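[1] could you look at this predicted model? Sequence included:
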Amino acid sequence: MGNFLVIRKPEWGIPVALKQLGHDVTHLDFVEMINKVGRENCQNHILSKASEYDAVIICKGAWKGKKHTLQKGFLNRLSSKTTTVFWMHDAILGPNRHMFAKMAAMCTMASSPYLTTCRAFKKFGVKRINQIFQGFEEDWCQKRDLPKKYGVTFIGSIYGNRSSYIGSLQANKISVFNKKCTHEESARFYNKSKVCLNLVPGECFSNRAMRVMGSGAFLFSQMNRDLKKAFKNGEELVLWKNQQQLINGAKYWLTHNKEREMIASAGHVAIQAFTWEKQMIKLLKAIDGDTVRDGAFNE
């Protein structure tokens with residue numbers, strides 16, 4: 001069994017799954033520590049302990065401003081002491097792509113669920129790149145036989161193109177249930193929905209897709225190359241490309257119950273290959289030198 005340090009703000013996903021696999025895991029909330037002792041002291045503490053770990057996994061390594069961003073020089077020094085993994089669980093979009101990709105280049109290897117982020121890694125010289133999807137939480141993402149209270153559901157914030165897409169459904173007399181809530185609460189809403197909408201920015205498919213399928217619900221997602229590569233379109237989920245396909249598809253899937261539920265059930269079976277524990281097994285294999293390609297990224 002391995003001994004790992006996971007640097008991230010909340011303790012979920014990676015550290016929890018590694019512990020469940022039987023590894024020794026130290027979780028360090030670097031934001032909390034920086035607030036208490038400052039960035040330099042936080043980084044020096046990590047460096048002083050680095051050689052005790054088989055690998056240090058850095059989850060993004062930044063939080064709301066320069067004060068909470070780990071320095072590239074620190075990452076360089078850390079990588080000289082032990083194996084370092086830069087896990088970027090967000091899509092790298094806009095000006096931040098330079099900062100995060102350069103941070104990743106300081107590490108032994110980098111991994112992200114998203115095509116756009118992996119491409120940014122490549123552009124900025126990351127030597128070892130793996131595309132590993134985020135997992136879903138089995139304890140609360142479960143298939144539950146609940147009455148379908150909602151037609152089309154979108155869990156998340158509405159902004160930008162999302163407003164346009166949802167507005168187009170409403171203009172065609174298709175109501176959309178929307179709510180901002182915790183991830184755990186979202187699973188219950190997916191259980192009660194006929195059609196679970198996924199709106200994606202560029203090549204970022206959102207972990208929402210994993211939670212919808214993990215809940216045994218029907219995923220109706222905006223086209224995304226990673227999802228198209230990983231799952232069977234029309235059999236395990238349904239992807240749409242434009243506003244007209246969104247409208248026509250929503251009307252169709254709201255009324256074709258048997259076909260919709262067959263796809264939802266197949267998607268629930270397929271997503272079992274992406275539990276957090278199974279994703280961490282992939283990450284450990286990548287640390288040992290294997291190459292993992294869950295999505296569409298191909299160097």
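    Sure, I can see it.
[2] mind listing the strands for the stretch 51-200 of the chain?
    Using DSSP state E, counting those that start in this stretch, the strands of the stretch 51-200 of the chain run over 55-59, 83-87, 109-112, 129-131, 150-155, 176-179, 193-198.
[3] any idea which of those is most buried?
    For the strands of the stretch 51-200 of the chain, average neighbour numbers computed from mean count of other Cβ atoms under 10 Å are highest in strand 109-112, which has a mean of 28. No exception for glycine: its C-beta is placed from N, CA and C like everyone else's.
[4] neighbouring contacts of that strand?
    With contact meaning Cβ atoms under 8 Å, 6 or more residues apart in numbering, strand 109-112 is reached by 83-89, 91-92, 104, 118, 121, 126-132, 283, 286-287, 292.
[5] distance from the helix or strand of the chain with the lowest mean pLDDT to the middle of the chain?
    When the helices and strands of the chain are compared on mean pLDDT, DSSP states H and E, helix 96-105 comes out lowest with a mean of 86. The gap between where helix 96-105 is centred and where its chain is centred comes out at 18 Å by Cα atoms, centre = their mean, to the nearest Å.
[6] run through the neighbouring helices and strands of it.
    With contacts defined as 3 or more Cβ pairs under 8 Å, 6 or more residues apart in numbering; DSSP states H and E, the packing partners of helix 96-105 are helix 72-79, helix 115-123.
[7] and those helices: which comes nearest Val31?
    If you check each of these against Val31 by Cβ to Cβ, helix 72-79 wins as the nearest, at 15.2 Å.
[8] so how far is that closest one from its chain's centroid?
    The gap between the average C-alpha position of helix 72-79 and the chain average comes to 25 Å, counting by Cα atoms, centre = their mean.
[9] ok so, going back, as JSON lines, the helices and strands packed on helix 96-105 with distance to Tyr252 would be great.
    Listed next are the helices and strands packed on helix 96-105 as JSON lines, based on distance: least, Cβ to Cβ, whole Å:
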{"stretch": "helix 72-79", "distance to Tyr252": "49"}
{"stretch": "helix 115-123", "distance to Tyr252": "28"}
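[10] mean neighbour count and mean pLDDT added to the ones you listed, as CSV?
    Listed next are the helices and strands packed on helix 96-105 as CSV, based on neighbours: other Cβ atoms under 10 Å; pLDDT from 0 to 100:
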stretch, mean neighbour count, mean pLDDT
helix 72-79, 17, 96
helix 115-123, 22, 92
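[11] any idea how far the residue lying closest to Asn178 once chain neighbours are set aside is from Phe189?
    With Cβ to Cβ, 6 or more residues apart in numbering as the criterion, Asn178 has its nearest non-adjacent residue at 5.1 Å, and that residue is Phe154. Note on Phe154: its distance to Phe189, by Cβ to Cβ, to the nearest Å, is 10 Å.
[12] coming back round to it: as JSON lines, the strands of the stretch 51-200 of the chain with mean pLDDT would be great.
    Supplementary listing: the strands of the stretch 51-200 of the chain in JSON lines, determined by pLDDT from 0 to 100:
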{"stretch": "strand 55-59", "mean pLDDT": "97"}
{"stretch": "strand 83-87", "mean pLDDT": "97"}
{"stretch": "strand 109-112", "mean pLDDT": "96"}
{"stretch": "strand 129-131", "mean pLDDT": "97"}
{"stretch": "strand 150-155", "mean pLDDT": "98"}
{"stretch": "strand 176-179", "mean pLDDT": "96"}
{"stretch": "strand 193-198", "mean pLDDT": "98"}
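[13] could I get these in TSV, plus columns for distance to His98?
    Conversion of the strands of the stretch 51-200 of the chain to TSV gives the following (distance: least, Cβ to Cβ, whole Å):
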stretch	distance to His98
strand 55-59	17
strand 83-87	14
strand 109-112	14
strand 129-131	17
strand 150-155	31
strand 176-179	33
strand 193-198	28
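[14] which among these is found nearest to Gly2?
    Between Gly2 and the strands of the stretch 51-200 of the chain, the shortest gap by Cβ to Cβ is with strand 55-59, which sits at 7.2 Å.
[15] returning to what we had before: can you list residues touching both of Phe154 and Phe189?
    Residues within reach of Phe154 and of Phe189 at once, by Cβ under 8 Å, 6+ apart, are Phe177.
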